[in-house]
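S.K.: let me see the structure of the following:
(one chain, ligands or ions: 2)
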Amino acid sequence: MSTASSVDKSAVGLGERQFHIGIAPGEVSTVALLPGDPFRVPLVAEFLTDVKEVAHNREHKTMTGMYKGRMITATSTGMGCPSTAIAVEELIRVGVTSFIRVGSSAGLQAGVKPGDLLVSEGALRNDGTTAAYAHHGFPAVPDLRITLELAEAARELTAGTTASVHSGINASDDAFYAETPEWIAELNQLGVLNVEMESAALYVVARLRGVRAGMICSTSSNLFDGTSLYDGVDTALKDGWMRSIEAALEVAVRLEL
Ligand SMILES: O=P(O)(O)O[C@H]1O[C@H](CO)[C@@H](O)[C@H]1O
Ligand SMILES: O=c1cc[nH]c(=O)[nH]1
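M.R.: Ligands and ions are numbered 1, 2, ... in the order given. Down below sits the predicted model:
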């Protein structure tokens, strides 16, 4: 487990430019939206004015722009906790103090359907990365105010649509192709709402570094009832991504993140 005696990597980088994300202090906002996929960063930019591409190094693409008078950053984390922890650590070093992951996630409870919005109230840490940061009993929890505002904005944005909003605990897994039927059944019986792959690292690193984090996802599939979209990207999933992004932007403005 990492402790105060961790190797000092504060000087890792290209001058002030961070080694993996390729960003220097002053180039980003205090709030960052975090999709997993670099190809979804331009979807955030569709809501913004004065858009700039700041950097694209490895899986981390970063754009900035303005939304209702606030500067917003969007950076992709890549898939999984290792690259998410790196992105979050480096974004903190260049000035980000609030993070909202705008992800995709699979439902685990009956009635969660593609395109529904999933607001995270905590993550089950089924990953390896956070074990290097904290005792296994340390909770992976989002910021309460961001979480409540995300749920409120999501309800407003889905009013009059076929999409629903669900809030609850999600699992954060490492191994997309090693999720067994037994594991899915166990999560379902525990009442876990959905599964994705980045929130454990986001929440634990954010807590340890004293910054805020939250997550809203669009539902890609339902592993409990077998609804699958993995043979193609469905319009419901895309609609959910756009509503998640808009909800996160509204929260950034309302909470002045
Ligand atoms: O679409 P993103 O945000 O990457 O999220 C989900 O999609 C990937 C798996 O297909 C994992 O990263 C998972 O967390
Ligand atoms: O871990 C994950 C994340 C999204 N979808 C899945 O099926 N599994």
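S.K.: E89: which element?
M.R.: Of the helices and strands defined by DSSP states H and E, E89 is found in helix 81-93.
S.K.: which strands and helices sit next to that helix?
M.R.: Taking 3 or more CB pairs under 8 Å, 6 or more residues apart in numbering; DSSP states H and E as the contact definition, the neighbouring helices and strands of helix 81-93 are strand 31-34, strand 70-75, helix 199-209. Glycine gets a C-beta too; all of them are placed from N, C-alpha and C.
S.K.: now D173: closest residue in space that isn't a chain neighbour?
M.R.: Taking CB to CB, 6 or more residues apart in numbering, and ignoring the residues beside it in sequence, D173 has N126 as its nearest neighbour in space, at 5.0 Å.
S.K.: the one you found contacts F176, doesn't it?
M.R.: No: the pair N126 and F176 fails to qualify as a contact (CB atoms under 8 Å) at a distance of 11.9 Å.
S.K.: looking at the two, which is more packed in?
M.R.: More crowded of N126 and F176, by other CB atoms under 10 Å: N126, with 19 against 13.
S.K.: what separates the more buried one from A200, distance-wise?
M.R.: For N126, the distance to A200 equals 7 Å [CB to CB, to the nearest Å].
S.K.: which neighbours do these two have in common?
M.R.: Shared contacts of N126 and A200 (CB atoms under 8 Å, 6 or more residues apart in numbering): S172.
S.K.: state the distance from L257 to A110.
M.R.: Counting by CB to CB, the gap between L257 and A110 amounts to 34 Å.
S.K.: what of E256?
M.R.: As judged by CB to CB, E256 and A110 stand 38 Å apart.
S.K.: so how far is ligand 2 from A140?
M.R.: Computed with CB to the nearest ligand atom, to the nearest Å, the distance linking A140 and ligand 2 is 15 Å.
S.K.: what number of residues lie near that residue?
M.R.: Taking other CB under 10 Å as the neighbour definition, A140 ends up with a count of 25.
S.K.: hang on, it packs against Y203?
M.R.: Yes: counting by CB under 8 Å, A140 sits close enough to Y203 to count as a contact (4.0 Å).
S.K.: would you mind listing what in the stretch 51-200 of the chain touches ligand 2?
M.R.: The stretch 51-200 of the chain has residues S105, A106, D173, F176, E179, V195, E196, M197 near ligand 2, with proximity defined as CB under 6 Å from any ligand atom.
S.K.: strands - which of those residues land there?
M.R.: Among those, the members falling in strands are S105, A106, D173, V195, E196 (criterion: DSSP state E).
S.K.: so can I have TSV of those showing distance to T62, neighbour count and pLDDT?
M.R.: As requested, these are exported to TSV (distance: CB to CB, whole Å; neighbours: other CB atoms under 10 Å; pLDDT from 0 to 100):
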residue	distance to T62	neighbour count	pLDDT
S105	23	31	98
A106	27	27	97
D173	26	22	98
V195	27	26	98
E196	21	25	98
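S.K.: which ones among these come in contact with ligand 1?
M.R.: E196.
S.K.: for the residue in the stretch 51-200 of the chain that ligand 2 sits nearest to, what are its contacts?
M.R.: Closest contact between the stretch 51-200 of the chain and ligand 2, by CB to the nearest ligand atom, is at A106 (3.6 Å). The contact partners of A106, taken as CB under 8 Å, 6+ apart, are N194, V195, E196, T219, S220, S221, N222, L223.
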